[in-house]
Each structure stands twice: as C-alpha cells, then as structure tokens.
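The sequence isn't on hand, but the structure is:
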C-alpha cells in the first residue's frame, strides 16, 4: 500500500526518486487514476501495468461510463494476451483466456443496452455458446463411461473449470438459467402462469425457479439457490406476473370460452351421428357448466329453462358424450395457459436444496 501523500505528489508532479518503479506498479497507478480521475495518467503506466488483469479490471470500476477509454484499455490487454478468435478453438480455460473472458463479460454488463449490439455483447454470446458446445461434447463423452454420473446441462463441469472465477460462474449460470426458463415453446410469463396454481402459489417464485431448474441440472439449481442475484431478474418479473394473475385469468377465459363452445358443438355433433342420442345443446352446456363449476366464468341467460341432466335417465352414448365434454372442459379451464406442452419439470423429482456454498469474490 502506498500513502495518499505519495500518490498526490506523483499527480502534482513533485520530485520523486523511484518514478519508474512506481509506474511499473499496478496498485500505485490505480490509486493515481482513482484520485486524479485523469485518463491521461494511463499513458504513464508501464506496459507491464497495462497488461495486468487486476489493473484493467480496476479501470472499469474507476471509469464505468467511459466506453471509448475502457474499450481501448481492454482491447490492448486482450490483443496482447491472446487472439480471441483463436482461443475459441484452443484451450479455453487457461488463466489468460479466463481473464480475457471476464473483461469481456464485465464490459458487456457495463455497457449493455437493448438498443445497441456492441462488440462485447457479440463476444460474450460467443463465449457462452463456445463453452456450452464444449459442455455438450464433454457430457456425451461422459455417457460412455461405466461410472457415468448424470451431469444434467453440465454445470458441474463449469464449476470445476472455472472454480476460481466468480465472474464466469455467474455468467454461465445466468445464461444457462435463461436457456432453461425461456424456450421457443414457452415464454417465462407463460411458464409462471402454467405452474402458478400447481406450485408457485405455495412455493413462491424463487423456490419454484430452483425446483424447476433442478429437473434439468441439480448443480445449477443448487448454485442459484445459494446465489440469489443470479435469478433476480426472473424473480422480479415472476412476482409481477403473479400479482397480475386475476387479470391474466380474465384474459385467458376470454380465449377459453370460444374454445369451449367450439368443442361442445363438435363433440355433440359427433355423438348425434351415432344414434340413440336425444340431448339438446343447451341442456348439455348447463350440465357441463354446473358440473365443472364455471357459473362465474361462462355467462348464461338465467331466464332460459333447461333440463337438469343429473335427474334425467340417459343412454350410455349420452353418458359417454357428457364424460368426454367434462374431461375436455376440466382440462381447458385448469391449465395455466392454453395449448401448453409438457416439459421435463412435469415428471421431475425435485431435489432438496441442501448443498452449502462459499461465495468467492
């Protein structure tokens, strides 16, 4: 540690005996830049300092809004340490590669906007895709082993390869979480509504996310369970969706009701063709509404009279028709979303989240 007085002497240009030695010390030069807020001081740093990972990382904290300056410093570091493109096809977990990846991720986090695709966003995406592809290859190789352990999505491998890099662990965890929670078949909003009644109403959003992820990768689920901030974006969004549950249900029912009547006509018409069927549409409609308990959801004209089919002797064909309609309607109005697809979580064994972690800085 250097005294603030020495740092200020350097900044003000006072005579100092060991100037070259100080300019070759990354901690001293970081203090100079921190107290002076003068980017020109970077030029006085030795090449050794400019290529020091902790120094470049420190610059990101000191000048968090200066993209042009940080881009220059980070690019200089990476270009001198390794060729980024070549590193994708070579050893991706040596210390220089990891440090370069971390700086790219930090720059992407710092300057990410939804309106602009910058080079760090592209490179961060390339890092994730490259590591993820390597994971799939490693998992396939592991399956050939006699003592194969279910690696899920492979987060256990990530923890081993990047055990000393909290930045990479968090980055991979966040991106793997996104890939699990958001798919082409199901948005995160629909996922929340699909499982609201079944799980989220009792568990809460965070426990649901951890349980849901455990169906795909128990190690990733455990990491998220002990690092709350990884899932914060989805927890906050999920809570908003839950708060809007009643409005969503009203909107959903507006879509369900036409489907109900469409299927009602379709099924009754089919059973009419079998013969021995003498039920009218309105009687069947009211039977289904009362049976399933949809009186407050499907509007009916209370002035119209109907026959209570529970008290009417009906044929076997008519009974089959009513049973089929009940089954369809019950499923239609119990699903959190319409036309939802079964996923791995539906049949998953939820693993207790008991593994302890140490949050490395």
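Sure thing, it's come through. Note that the coordinates shown come from a computational prediction; the quantities given were computed from them, not determined experimentally.

okay, CA-based contacts and neighbour counts for the rest of this
Fine.

Model confidence for residue 54, exactly?
Here the pLDDT value assigned to residue 54 is 96.

Please read the previous query as pertaining to residue 340.
Residue 340 is given a pLDDT of 41.

again with residue 265
The model's pLDDT for residue 265 equals 94.

Please apply the same query to residue 232.
Taking residue 232 on its own, its pLDDT is 95.

State the helix or strand in which it lies.
Using DSSP states H and E, the element containing residue 232 is helix 232-243.

same deal with residue 157?
helix 155-161.

Remind me what that helix packs against, helices and strands.
Under the contact criterion of 3 or more CA pairs under 8 Å, 6 or more residues apart in numbering; DSSP states H and E, helix 155-161 touches helix 166-181, helix 218-225.

Low-confidence bits of this structure, can you list those?
For the chain, applying pLDDT under 70 flags the ranges 82-93, 112-117, 146-149, 335-361.

how about 50 then?
84-85, 87-90, 339-361 (pLDDT under 50).

for it, what's the longest helix?
Criterion DSSP state H: the longest helix present in the chain is helix 245-272.

which other helices and strands contact it?
Applying 3+ CA pairs under 8 Å, 6+ apart, we find helix 245-272 packed against helix 281-292, helix 316-334.

and the shortest one, how far out from the chain's middle?
So the one you mean is helix 281-292. 42 Å (CA atoms, centre = their mean, to the nearest Å).

Next, find the distance separating the residue positioned nearest the centre of the chain from residue 54.
Nearest residue to the geometric centre of the chain (CA atoms, centre = their mean): residue 178, 2.5 Å. Counting by CA to CA, to the nearest Å, the separation of residue 178 from residue 54 is 29 Å.

Can you point out the buried residues in the helix or strand where residue 54 lies?
Assessed by DSSP H and E, residue 54 sits inside helix 53-62. Buried residues in helix 53-62, counted by 16 or more other CA atoms under 10 Å: 53, 55-60, 62.

Likewise for stretch 119-132?
Residues of stretch 119-132 classed as buried: 120-121, 123-124, 127-128, 131-132 (neighbour count, 16+ other CA under 10 Å).

before we move on, what about stretch 258-276?
260, 264, 268, 271.

Once you drop chain neighbours, what's closest to the second one?
Distances taken as CA to CA, 6 or more residues apart in numbering place residue 325 nearest to residue 264, at 6.9 Å, with adjacent residues excluded.

coming back round to it: same for the helix holding residue 54, what does it pack against?
Using 3+ CA pairs under 8 Å, 6+ apart: helix 53-62 touches helix 26-36, helix 67-81, helix 95-111.

so can I have JSON lines of the helices and strands packed on helix 155-161 showing distance to residue 194?
Listed next are the helices and strands packed on helix 155-161 as JSON lines, based on distance: least, CA to CA, whole Å:
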{"stretch": "helix 166-181", "distance to residue 194": "12"}
{"stretch": "helix 218-225", "distance to residue 194": "20"}
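
most packed of those helices?
When those are scored by mean count of other CA atoms under 10 Å, the highest mean neighbour count falls to helix 218-225 (a mean of 23).

relative orientation of it and helix 232-243 in degrees?
Orientation check (axes from the mean of the first three to the mean of the last three CA atoms, to 10 degrees): helix 218-225 against helix 232-243 gives 80 degrees.

Which strands or helices does helix 218-225 pack on?
Using 3+ CA pairs under 8 Å, 6+ apart: helix 218-225 touches helix 155-161, helix 166-181, helix 205-214.

Could you give me the buried positions within the shortest one?
Of the residues in helix 155-161, those buried under the neighbour-count criterion (16+ other CA under 10 Å) are 155-159, 161.

Next: stretch 310-319.
317-318.

start to end distance for that stretch?
11 Å.

circling back to that earlier point, quick check, the residue nearest to residue 264 in contact with residue 265.
No: using CA atoms under 8 Å, residue 325 makes no contact with residue 265, being 10.2 Å away.
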